[in-house]
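> Below: sequence and its predicted model.
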Amino acid sequence: MGTTGPPLPPRARSRYPVGMSDAPRPKPWIMDIAPYIPGRSTTDDGRKVAKLSSNENPLGTSPAARAAFASAADSLERYPDASGAIVREAIAARFGLDPARIIYGNGSDEILHLAAGAFAGAGDEVIFVRYGFAVYEIAARRVGATPVIAPDRDYATDVDSILARVSERTRVVYVANPNNPTGTFAPRAEIARLHAALPPTVLLVLDQAYAEYLADQDDDGGLALAATARNVLVTRTFSKIHGLAAERIGWGYAHADIVEALHRIRLPFNITIGGQRAAVAAIEDRGFVEHTRAHNAAWRAWFADEIAKLGNAGLRAIPSEANFVLVVFDGALTAETAYKGLMDAGYIVRWLPGQGLAQGLRITIGTEDETRGVAAALRALVERGAAPKHAEPADAGIERG
């Protein structure tokens, strides 16, 4: 039989008044966070349809990575290497980096959160662009910092807009490049200009989750900046071009002092044995990466051309350097109607009114059949002008994938 323990001493008891309000109270900034709603993979009637809502790799995963992951089945009773040594060494060899300055996490999301957790707090400010990755606001609010939104320039990062909002309270600036969910890209000169104008006490976080989809000449110089600057953190992920979204493996590169601070609040054992082995095999399989990049470039261009043909109906594809295209609807066919109509046709895409993008759909570049199919379905919706059968409220949640 349990016991209630000794009574609280009078002074301690006074701190816990009896009444209806007896309950733990979350910090007010926590309750200001919009909860994450994951992208859908089935329709309301349970149909499994083409999922073009989470920017997953339509070609799957490197066969070498799958085999490496499977090899971990004989080690399920063991904790993974907490130092992530094999992953850090493989990344360092691939990009010519110092493995001691590589931080690893449960997806790049964890590292983005670590940046805010280590360098911002109550009373501080965190800057990111409008239509930027939703995790930036979550990371800022989670530590009590104030999110500061810099207006975009036609859905793209505006360096001058960011710099105009830097104050003595600014601690972190997040820039996704290419940006999610718009796909836009800030060139190397603009990133260098942004960094040069920031105070040295401000941490510039360059989120390069989609960097591997860029052509080699379009490198924004982030890793080179992080190699020499004391206030730059670059983050990347294995979830996109490497096709390891299920294992949630991200990494970052920065000055040793930044990495040391992040390690102090990083969760231990945050990447699994299977994930580590798969990541090493994936980064070494250059053929799979190049095949994925080529497929994406070809079908992204094709899809953008198809949207351009619907320009008279008010559809516009925002120029993208990622593995998705943001389609803006400025005509009679609205994004919400298109979202529901595409679901009826067997394609789930991402509608993001919760991020101020009620006028747009983010559509992942899928397989050839998926990409041709979703383009045809959009064209049919424009030509028919018919309302879809689907009438349920769409997902208005915060994008993370």
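Nice, thanks for sending it over.

> and this protein, what are its domains?
Annotated domains of the chain cover 50-58+288-384, 63-284 [automatic domain parsing].

> Which stretches in the stretch 301-401 of the chain count as strands?
For the stretch 301-401 of the chain, strands defined by DSSP state E, counting those that start in this stretch occupy the ranges 315-317, 324-329, 347-348, 350-352, 357-364.

> gap between residue 84 and residue 311?
As judged by CB to CB, to the nearest Å, residue 84 and residue 311 stand 47 Å apart. In this view, the C-beta of every residue, glycine as well, is placed from N, C-alpha and C.

> And those two? Which one has more around it.
residue 84 (25 against 12; other CB atoms under 10 Å).

> Now that one. Nearest residue, chain neighbours left out?
Nearest non-adjacent residue to residue 84, counting by CB to CB, 6 or more residues apart in numbering: residue 104, 4.3 Å away.

> Give the helix, strand or coil label for the one you found.
Put simply, residue 104 is strand when judged by DSSP: H, G, I helix; E, B strand; the rest coil.

> Quick check, it in contact with residue 269.
No: if you go by CB atoms under 8 Å, residue 104 and residue 269 don't touch, sitting 11.1 Å apart.

> In terms of neighbours, single out the busier of the two.
More crowded of residue 104 and residue 269, by other CB under 10 Å: residue 104, with 26 against 12.

> right, and the domains of the chain - which one's nearest residue 22?
Residue 22 lies closest, by CB to CB, to one member of the domains of the chain: domain 63-284, at 24.3 Å.

> Could I get the average pLDDT for that closest one?
The pLDDT scores in domain 63-284 average 97.

> residues of the helix or strand encompassing residue 87 that come out buried?
Applying DSSP states H and E as the criterion places residue 87 in helix 85-95. Buried residues in helix 85-95, counting neighbours by 16 or more other CB atoms under 10 Å, are found at 87-88, 90-92.

> ok, now stretch 369-379?
Quick answer for stretch 369-379 (16+ other CB under 10 Å): 370-371, 373-375, 377-379.

> Go through these and flag which are in helices.
Secondary structure defined by DSSP state H assigns 370-371, 373-375, 377-379 of these to helices.

> and of those, the nearest to residue 215?
Nearest member of these to residue 215, counting by CB to CB, is residue 371, at 19.8 Å.

> Pull up the per-residue confidence for that closest one.
98.

> Tell me which helix or strand the closest residue to it other than its chain neighbours sits in.
Spatial nearest neighbour of residue 371, chain neighbours left out: residue 299 (4.7 Å); criterion: CB to CB, 6+ apart. If you go by DSSP H and E, residue 299 is part of helix 286-308.

> in that helix, what's buried?
288-289, 292-293, 295-297, 299-300, 303-304, 306-307.

> next one: stretch 318-338
318-329, 333, 335-338.

> same thing with stretch 354-364?
So for stretch 354-364, counting by 16+ other CB under 10 Å, buried means 354-355, 357, 359-364.

> Now it: average pLDDT?
Averaging pLDDT along stretch 354-364 yields 95.

> what's next to it, contact-wise?
34, 37, 51-56, 58, 130-131, 134, 181, 303, 318, 323-330, 334-336, 338-339, 342, 349-352, 374, 396-399 (CB atoms under 8 Å, 6 or more residues apart in numbering).

> ok, which stretches of the stretch 1-150 of the chain are strands?
Going by DSSP E, counting those that start in this stretch, the stretch 1-150 of the chain shows strands at 50-51, 102-106, 125-129, 146-150.

> Just tell me which of these ends up closest to residue 171.
Of all these, strand 125-129 comes closest under CB to CB, at 6.5 Å.

> which helices and strands sit right next to that closest one?
Helices and strands touching strand 125-129, by 3 or more CB pairs under 8 Å, 6 or more residues apart in numbering; DSSP states H and E, are helix 135-142, strand 146-150, helix 159-164, strand 170-176.

> Output the ones you listed in a markdown table, with distance to residue 203 and mean neighbour count appended to each entry.
Conversion of these to a markdown table gives the following (distance: least, CB to CB, whole Å; neighbours: other CB atoms under 10 Å):
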| stretch | distance to residue 203 | mean neighbour count |
| --- | --- | --- |
| helix 135-142 | 12 | 23 |
| strand 146-150 | 14 | 18 |
| helix 159-164 | 13 | 16 |
| strand 170-176 | 5 | 26 |
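
> mind exporting stretch 119-126 as CSV, just the C-alpha atoms?
Extracted in CSV, the C-alpha atoms of stretch 119-126 (Å, rounded to 0.1, in the frame of the first residue of the first chain):
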residue,chain,number,x,y,z
PHE,A,119,22.2,31.2,-27.9
ALA,A,120,18.8,32.8,-27.2
GLY,A,121,16.3,33.1,-24.4
ALA,A,122,13.7,35.3,-22.8
GLY,A,123,14.2,38.9,-23.8
ASP,A,124,16.2,38.0,-26.9
GLU,A,125,15.1,38.2,-30.5
VAL,A,126,15.3,35.6,-33.3
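
> in that stretch, what's buried?
Quick answer for stretch 119-126 (16+ other CB under 10 Å): 119-120, 124-126.

> Any chance of JSON lines for these, columns distance to residue 249?
As requested, the buried residues of stretch 119-126 are arranged in JSON lines below (distance: CB to CB, whole Å):
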{"residue": "119", "distance to residue 249": "23"}
{"residue": "120", "distance to residue 249": "25"}
{"residue": "124", "distance to residue 249": "29"}
{"residue": "125", "distance to residue 249": "30"}
{"residue": "126", "distance to residue 249": "25"}
